[in-house]
Structure formats: structure tokens, C-alpha cells
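Visitor: With the sequence up front, the predicted model follows.
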Amino acid sequence: MAGPATQVRVEVPCVGTDPVSGSNTLWLEPLKLRSPLADSFAMWLWASGGWCVLALAGVVFHHRLRSKSSRYPPEVAAFVLQLENELLAAHPDVQFLGMLPDRFACLMRVDGQETPVGLYEAFRHAEAFPESFTRMVAQLVGDIREVGLDRADELEFATAAQLLMPQVRSKDWLEQQGTFGDSGLVHTPINEQLVTVYVVDDSSCMVFLCRAHLKRWQKDVRDLHNLALANLARLGRNGIDNVSAEAVLLQSGDGFDASRLLLIDQQDGLLVAIPDRDTLWAGPEEGQDLATLMAVTEQIADRSQYPVSSHLFRVKDGRLEPVQDSR
């Protein structure tokens, strides 16, 4: 998924009165999903190869902008909030990941798959029949599971191989998703804090691969890992080949910037930060302000919709180790 700030590509047809803009319209075009903190990271400056303290102000400023509800009319904002609360209360295994920009649709994670969900019909139904909101949400979740998700026995390896990508996630995130049985996510440890998981990133959703996929394909995790790294390298290395000499900040928006950590030649003394899925910073330790790097990384991870790690890492003996706070 290439292009500025794209994680999930999907074409969503919409017709009628858009509850966000109030206009009568029909559209069919790709949605673009951007890291919620990409704008603030784009504001970051670094001097002598490191980030500047001014980045902290950029993070806080963007967070305030993001928290404003002026984007939606009050009735739409109330509907979205009610939907989030209903999912938390009645469907804790379904995660509401946020609204998609410029379209009346959201991103949900259902049974390990991230999928876009149009909300136009749900909003109109809630307006007409507010007393049946709980039943409507249950039906929506059921419909997503029935027709909107890919199943392990439906995904052929020949198809998956072309779309297989790695994602770097925290070990805590992995444990929340589940690691046991056929539904457990396939993963490769990076260190005590990070793991690599594997996704099939197609045109409509992102499928996290589980043990059931490996069984059906008669593959092992090393096969997936090597293929995923090759696909990631083909997507683009994006200037990471010289990070031991000069700091690099990646925010391509393709959903795999943090994953490019796996392509870096990890020489001792290299510093690495991956506060969220759509951000990778790497550079030599010499001349860096470690306290500032650590503080900014933590700020970004705490506010990200797709956090990876609040730690700043240092390569030591070929492994990533968290930099210890000296305060």
C-alpha cells in the first residue's frame, strides 16, 4: 500500500446526504489512512542528526487538534461515541480503531483483521430507530464476520505470498491478541519487548496470519519471515541503508515504516525509535540528546492510534536493548 499516508486501500461507494458535509453526493475512490501523529512528526526537527526539543510542542499541539470534535455535526459525533461505547460494552473482542479521514467510515479490528466499515446506513438506522441501537450494532458485527472477513481455509498461499508483509508490534500487543491454538498469531521474537507478526495486506483489509494458515499451507514461520522481508524490501527501503552515519526519519504512510527496522544493518551503537506503526527513526548515538529522544518517543507512543513501543532502543551485540532512563 503505497502513497502518502495509506494503510488500507478500499473503495467505498457512498450516495445520498453525507451526514458529515450535509451535501448530496456520490463518490467511489480510495480511502487513505494516516497515522494520527504523522503531522506532528513531520514538524519535528533534528539538529546535528538528532530530534529537537521543539518536537514536544508539535506533539502536544497535534494532539489538541485531534481531540477537537468540530469535524462532525453534534448528532454524528454523538453517534460515533455511542457506537464506540456499545462495542466496548457488548463486543469487547471488536476494536474500534478510529474514523477514516474525509469519509463516513471507520476502521475496526474483528477476529484479528482490520477492515473498513461504512457507517452511513448504521447512522440513518440509529436516527430512525434509536431504541434498537444495541440490536443494530450486533447485526453490523455479525454481518462483518459473515461476509467481510477472510478465513484461513479461503486464503491460498499463492495469493498470500504476493501480499505477505511483516509488522513490528509490541509483545504486550501480541499477548492481547492471543498466541495459543490455531487462532494464535504467527510471530518471530525480536527482543523482550518486540515481535514480528505477518499480515496479508490486500485491497480491502489486512489479515493477520495465524497458525491455521501455516497448517493449511504446510509452511513454517521462517518461510513467512523470509518472504515477508523480501516483499518489504521490494516495497522500498526508503533511505535506511546509511543510518549508522546519518539519522533518518521515515514516515512514508504505507503502514510499514516501523517494520523497516527489520531491513536495517543493526550495528552496535545505533539508536532506533519506533513509537508507532507509521514512524521509524534511526541514527548514530554520537551527538544525540538521549533524554529528549526518550521523552519524544514516549509522547508519540502514548498518543498514537497504532503504538509500537515507547522505548528508545540501542543496538548492542546485534540486539535491540532499551536505553535506560538515567534520571
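Guide: Thanks, I have it.

Visitor: Would you map the helices across this structure?
Guide: For the chain, the helices defined by DSSP state H cover 38-42, 54-67, 74-90, 120-128, 133-147, 157-163, 171-177, 211-217, 221-235, 290-303.

Visitor: Run through the stretch 1-150 of the chain and note the low-pLDDT ranges.
Guide: Low-confidence segments of the stretch 1-150 of the chain (pLDDT under 70): 1-71, 102, 147-150.

Visitor: okay, now P189: neighbour count?
Guide: Neighbour count for P189, taken as other Cβ atoms under 10 Å: 11. Where you see a C-beta, it was placed from the backbone N, CA and C, and this is true even at glycine.

Visitor: wait, what's in contact with it?
Guide: 171, 195-196 (Cβ atoms under 8 Å, 6 or more residues apart in numbering).

Visitor: any idea how the protein splits into domains?
Guide: Listed by automatic domain parsing, the domain ranges of the chain are 14-32+69-147, 154-322.

Visitor: hmm, back to that, dump the helices of the chain into a markdown table; add mean neighbour count as well.
Guide: Shown next, in a markdown table, are the helices of the chain (neighbours: other Cβ atoms under 10 Å):
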| stretch | mean neighbour count |
| --- | --- |
| helix 38-42 | 20 |
| helix 54-67 | 15 |
| helix 74-90 | 15 |
| helix 120-128 | 15 |
| helix 133-147 | 14 |
| helix 157-163 | 15 |
| helix 171-177 | 14 |
| helix 211-217 | 17 |
| helix 221-235 | 16 |
| helix 290-303 | 20 |
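
Visitor: out of these, which comes closest to Q113?
Guide: Among those, helix 133-147 comes nearest to Q113, with 9.1 Å by Cβ to Cβ.

Visitor: quick one, strands of the stretch 201-327 of the chain?
Guide: Remark: strands assigned in the stretch 201-327 of the chain by DSSP state E, counting those that start in this stretch are 206-208, 248-250, 270-273, 280-284, 312-316, 319-322.

Visitor: Reformat those into CSV and put distance to A258 and mean neighbour count next to each item.
Guide: What follows is the strands of the stretch 201-327 of the chain, written out as CSV (distance: least, Cβ to Cβ, whole Å; neighbours: other Cβ atoms under 10 Å):
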stretch, distance to A258, mean neighbour count
strand 206-208, 14, 22
strand 248-250, 8, 20
strand 270-273, 9, 23
strand 280-284, 5, 24
strand 312-316, 12, 20
strand 319-322, 12, 16
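
Visitor: could you dump these to CSV with mean pLDDT and distance to N226?
Guide: Supplementary listing: the strands of the stretch 201-327 of the chain in CSV, determined by pLDDT from 0 to 100; distance: least, Cβ to Cβ, whole Å:
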stretch, mean pLDDT, distance to N226
strand 206-208, 79, 18
strand 248-250, 92, 22
strand 270-273, 94, 22
strand 280-284, 94, 21
strand 312-316, 94, 22
strand 319-322, 93, 20
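
Visitor: now those in CSV, with distance to G98?
Guide: Formatted as CSV, the strands of the stretch 201-327 of the chain follow (distance: least, Cβ to Cβ, whole Å):
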stretch, distance to G98
strand 206-208, 14
strand 248-250, 22
strand 270-273, 23
strand 280-284, 21
strand 312-316, 26
strand 319-322, 28
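
Visitor: Could you check the ones you listed and tell me which one is nearest L229?
Guide: Here strand 280-284 is closest among those (Cβ to Cβ), at 15.0 Å.

Visitor: For the closest one, which helices and strands make contact with it?
Guide: Applying 3 or more Cβ pairs under 8 Å, 6 or more residues apart in numbering; DSSP states H and E, one finds that strand 280-284 makes contact with strand 248-250, strand 270-273.

Visitor: Run a quick neighbour tally on E131.
Guide: Using other Cβ under 10 Å, E131 has 7 other residues around it.

Visitor: again but with Q113, I slipped
Guide: Using other Cβ under 10 Å: Q113 sits among 20 other residues.

Visitor: That one against C210, yeah?
Guide: No: Q113 is beyond contact range of C210, at 10.5 Å (criterion: Cβ atoms under 8 Å).

Visitor: hmm, back to that, may I see the helices of the chain organised as a markdown table, with distance to A247 added?
Guide: As requested, these are exported to a markdown table (distance: least, Cβ to Cβ, whole Å):
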| stretch | distance to A247 |
| --- | --- |
| helix 38-42 | 13 |
| helix 54-67 | 13 |
| helix 74-90 | 38 |
| helix 120-128 | 44 |
| helix 133-147 | 42 |
| helix 157-163 | 31 |
| helix 171-177 | 26 |
| helix 211-217 | 37 |
| helix 221-235 | 21 |
| helix 290-303 | 10 |
